[in-house]
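S.K.: Below: sequence and its predicted model.
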Amino acid sequence: MEKFDAVVVGAGPAGAAAAMTMARAGLSVVLLERGEFPGAKNLFGGVLYRRQLEDILPDEWQNAPVERQIIEQNLWIMGKDAVTKLGHRNEAFKSPNCWTGMRVKFDQWFAERAVAAGALPVYETVATELIREGGKVVGVRTDREHGDLYADVVVIADGVNSLLGKALGVHQEWQPDQVSLAVKEQIFLPKEKILDRFNLEGDEGATIEFVGETSGGMTGLGFLYTNKESISLGIGVMVSDLKRTRVKPYQLLEQAKQHPAIRRLIQGGETKEYAGHLIPEGGLKAVPQLSGDGWVICGDAAQLVNFVHREGTNLAMTSGRYAGETIIAAKQKGDYSRAALSHYDRQVAASFIRKDLKKYQGLHGLLNEIDPKLLFSQLPKAVNEAAFEMLNVDGRTKAEKQRFAINHIKETAGGTWDLLKLGWKGWRAING
Amino acid sequence: MLHIVVCVKQVPDSREIRIDPKTNTLIRQGVPAIANFYDMHGLEEALRIKDEKGAVITVVCMGPPPAEKSLKECISLGADRAVLVTDRGFAGADTLATSYVLGLTIQKVAAEFGPVDIVFCGKQTLDGDTGQVGPGIACRLDLEQLTYVQKVEKIDQEARRITVHRHLEDGVEVVETAMPVLITALKEMNKVRRAPLPGMIRAAKFKPVIWTTQDFPGLERAKIGLKGSPTIVSKTWVPEQRHVDTEMIAADTPQATAGLLVDKLWQTELPQRFGWANGSEV
């Protein structure tokens, strides 16, 4: 029976990064993927970050198939027929900082780099369970005939629903308040229309995240990304809220498309794809132990997602790279025990991954504690009403207007004290 | 041991094919490539023969370097070796030029790896749809030609004879002939297996043998590629839909529905045309 140094389950950004790192060092690596090709099962459209891509592909990151380099990012606070906008545009982002990209194309290209480095691609193959001897993981069982695959280390990178993580017991069956369901449409528009509507040139791009009345009083975030010749428009809402309200996510998306600030941006576009995907939102608390005897877990499967900054692919890539580096060192010592592989846990802990997740660790609790209606509906509504009042010239004095605006927001939050408390808690939650 | 050659072409996935309205040719860019599935039924039949009697299977393919993907798929399923015939000089070939090159390739396979007993081709390709390459190869190599085969019934290795079922418009023809033969496969022939994991690993490591124009000493340049292809697409159009009268027949029970159908059929010209007896058994 042929035995490999490592078998990587899942050829998304985490798995491909791990496979690439190990194959370059000469390890024998099998890269398993359940889809027809890497990315086939992944949600199209998203944001990709340069820094972590460059870390792993210093000479090749320029060739990555991306859509537009993002030079402008916006946060919109949505009222029913109104919007209050906050944004930042900077030529310095042309370094570039991040891009919009299509996962179907990007993941395929990224995994191709792992194959070029020597990883053996085995696609359309599902890893159904872990093979264990004693307490040790020694391989995976696949859904193919003679499908047992033995390796010194199994890298578990099988995504948000991680079958193997669950089998291992480190990945709990996800709770409705630890995942959101994002639905997304790809709306095709001619390039010139996109450039005009978003005030862009060439391959520049813009993103808009929107919160407020578009999520129907639920904890949620909408997003609009510009691609080369299409727009990705989506909305993500906590599954627990969807369960409680029995609202269908596509209904929210349909409503968002009717919002006057969004409607005109997508006007005349043709929706060609529709997709839904679960996003881990558990934050630091949901992150499991990352290694054990004969295994490591990376990316979404390990819940490594910074939901506040919608960063996922970069955490996946970096965790995959760290896992790969740890396994290379483990091979040199011939030791694949938890003791040797926990080096990976420590690397993640010392990096931006854990630190960023730690910063926001209180947010999850806060969102559970406060009525989402207040945060995601009443306050955004009040903010828009206050802004309207400030800018609407109707004969009342500016001082009166300012008083109204401040009082209105205060009262919505339940009084001065409650607003201050909310502000303090919010600050604590994002600086934990 | 039997030596079987399977010809495979990599084609654009027909589920996602679009036609350029200006040039009336297929838009191949961005369309995922797959192995022509009729060819895969040929490979499956070869694999079944291998499983039953033992055989060596050589897969050959003419196409651009990415066609390696289809050859790897054949290897994952159990083919023993694969040859990719690839060169810019071969590009633009029609069925005449293609069958010329594949004929030379199979001759070279026989010379290097041993005499060939059976050649499998698909009935046709998904992109070209002509069904001419298989017969073209048979002619050039003087092989017994067995087209539209839905079943290989028997192979007698000692007598070097083979019996197959050919699917014709008006029935099935059972033919016995002497090997070597060329068979064009129908999809009814078998169900293509799923590759076992060791096959997938072998395929992932596999590199096909590459032959270019340099590897064929007797190659006549005028017979290959665009130059060797007299076919001209002068015009293409979408055929008009033929109008066909249809009627839904339904009664309370299946028996009554069948009775109604028979009654209706008797009122047509069919009984006269086929000489149906007006018997009481109907």
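M.R.: Done, it's in. Keep in mind that this is a model prediction, so the values were computed, not measured.
S.K.: what number of residues lie near the nearest residue to residue A:304 once chain neighbours are set aside?
M.R.: Spatially, and ignoring its direct neighbours in sequence, residue A:304 is nearest to residue A:315 (4.4 Å; C-beta to C-beta, 6 or more residues apart in numbering or on different chains). Quick note: C-beta positions are derived from backbone N, CA and C, even for glycine. By the measure other C-beta atoms under 10 Å in any protein chain shown, the count of residues near residue A:315 is 28.
S.K.: who's in contact with residue A:315?
M.R.: Neighbour list for residue A:315: A:52, A:299, A:304, A:305, A:306, A:353 [criterion: C-beta atoms under 8 Å, 6 or more residues apart in numbering or on different chains].
S.K.: Go ahead and confirm the second one touches residue A:314.
M.R.: No. With contact defined as C-beta atoms under 8 Å, residue A:299 and residue A:314 do not form a contacting pair (10.4 Å).
S.K.: For those two, indicate the residue with more neighbours.
M.R.: residue A:299 (33 against 23).
S.K.: Quick one: residues contacting that one.
M.R.: By C-beta under 8 Å, 6+ apart, the contact set of residue A:299 is A:10, A:12, A:13, A:14, A:15, A:157, A:159, A:312, A:315, A:316, A:319, A:320.
S.K.: Tell me the secondary structure at the last one.
M.R.: It stands for residue A:320. Secondary structure, DSSP: H, G, I helix; E, B strand; the rest coil: residue A:320 is helix.
S.K.: surely it meets residue A:22?
M.R.: No. Between residue A:320 and residue A:22 there is no contact under C-beta under 8 Å: 9.8 Å.
S.K.: list residues touching both of the two?
M.R.: Common neighbours of residue A:320 and residue A:22 (C-beta under 8 Å, 6+ apart) do not exist.
S.K.: And the longest helix along chain B, what's buried?
M.R.: Across chain B, the helix with the greatest residue count (assigned by DSSP state H) is helix B:95-113. Using 16 or more other C-beta atoms under 10 Å in any protein chain shown as the test for burial, helix B:95-113 gives B:95-106, B:108-110, B:113.
S.K.: Surely residue B:123 is in contact with residue B:38?
M.R.: Yes. Between residue B:123 and residue B:38 there is a contact at 4.8 Å, judged by C-beta under 8 Å.
S.K.: which residues do the two both contact?
M.R.: Among the neighbours of residue B:123, those also in contact with residue B:38 (C-beta under 8 Å, 6+ apart) are B:184, B:185, B:186, B:187.
S.K.: Return the subset of the residues you listed lying in strands.
M.R.: In strands, defined here by DSSP state E, the members of the shared contacts of residue B:123 and residue B:38 are B:184, B:185.
S.K.: Spit out the contact partners of residue B:146.
M.R.: Shown in contact with residue B:146 (C-beta under 8 Å, 6+ apart): B:162, B:164, B:166, B:175, B:177, B:181, B:182, B:183, B:184.
S.K.: Which of the residues you listed fall within helices?
M.R.: In helices, defined here by DSSP H, there are no members of the contacts of residue B:146.
S.K.: May I see the PyMOL selection of the buried members of these?
M.R.: Under the burial definition 16+ other C-beta under 10 Å, those of the contacts of residue B:146 that qualify are selected in PyMOL by:
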select buried, chain B and resi 162+164+166+181+182+183+184
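S.K.: from the contacts of residue B:146, which is closest to chain A?
M.R.: residue B:183 (26.4 Å; C-beta to the nearest C-beta).
S.K.: quick one on the thing from earlier: when you compare pLDDT across the contacts of residue A:299, which one is lowest?
M.R.: Note: of these, the lowest pLDDT belongs to residue A:312, at 85.
S.K.: What distance do you get for residue A:95 to chain B?
M.R.: Taking C-beta to the nearest C-beta, to the nearest Å as the measure, residue A:95 falls 30 Å from chain B.
S.K.: Local confidence estimate at the nearest residue to that residue once chain neighbours are set aside?
M.R.: Nearest residue to residue A:95 in three dimensions, chain neighbours excluded: residue A:50, at 7.2 Å (C-beta to C-beta, 6+ apart). Residue A:50 carries a pLDDT value of 90.
S.K.: what about whichever residue of the stretch 151-300 of chain A sits closest to chain B, how many residues close to it?
M.R.: In the stretch 151-300 of chain A, no residue comes nearer to chain B than residue A:151, which is 11.8 Å away by C-beta to the nearest C-beta. By other C-beta under 10 Å, 26 other residues sit near residue A:151.
S.K.: what's the answer for residue B:72, then?
M.R.: Residues contacting residue B:72 under the criterion other C-beta under 10 Å number 24.
S.K.: wait, isn't it in contact with residue B:202?
M.R.: No. If you go by C-beta under 8 Å, residue B:72 and residue B:202 don't touch, sitting 9.1 Å apart.
S.K.: List phi and psi for the residue positioned nearest the centre of chain A.
M.R.: Nearest residue to the geometric centre of chain A (C-alpha atoms, centre = their mean): residue A:312, 3.6 Å. Phi and psi for residue A:312, reported as degrees, to the nearest 10, are phi -140, psi -50.
S.K.: Can you tell me the element whichever residue of the stretch 301-432 of chain A sits closest to chain B falls in?
M.R.: Relative to chain B, the nearest point of the stretch 301-432 of chain A is residue A:324 (18.5 Å; C-beta to the nearest C-beta). Element membership for residue A:324 (DSSP states H and E) is helix A:313-333.
S.K.: Please list all residues in contact with the residue nearest to residue A:95.
M.R.: Counting by C-beta under 8 Å, 6+ apart, residue A:50 touches A:61, A:95, A:96, A:97, A:98, A:99.
S.K.: can you list the domains in the chain?
M.R.: In the absence of a named chain, this looks at chain A. Domain assignment for chain A by automatic domain parsing gives A:3-66+A:102-173+A:286-359, A:179-280, A:362-429.
S.K.: hm, I was asking about chain B
M.R.: Here the domain parsing of chain B from automatic domain parsing is B:2-223, B:245-282.
S.K.: just to revisit the earlier point, I'd like the contacts of residue A:299 written out as a markdown table, with distance to residue A:268 added.
M.R.: Below are these laid out as a markdown table (distance: C-beta to C-beta, whole Å):
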| residue | distance to residue A:268 |
| --- | --- |
| A:10 | 38 |
| A:12 | 34 |
| A:13 | 33 |
| A:14 | 38 |
| A:15 | 39 |
| A:157 | 40 |
| A:159 | 35 |
| A:312 | 31 |
| A:315 | 36 |
| A:316 | 35 |
| A:319 | 41 |
| A:320 | 40 |
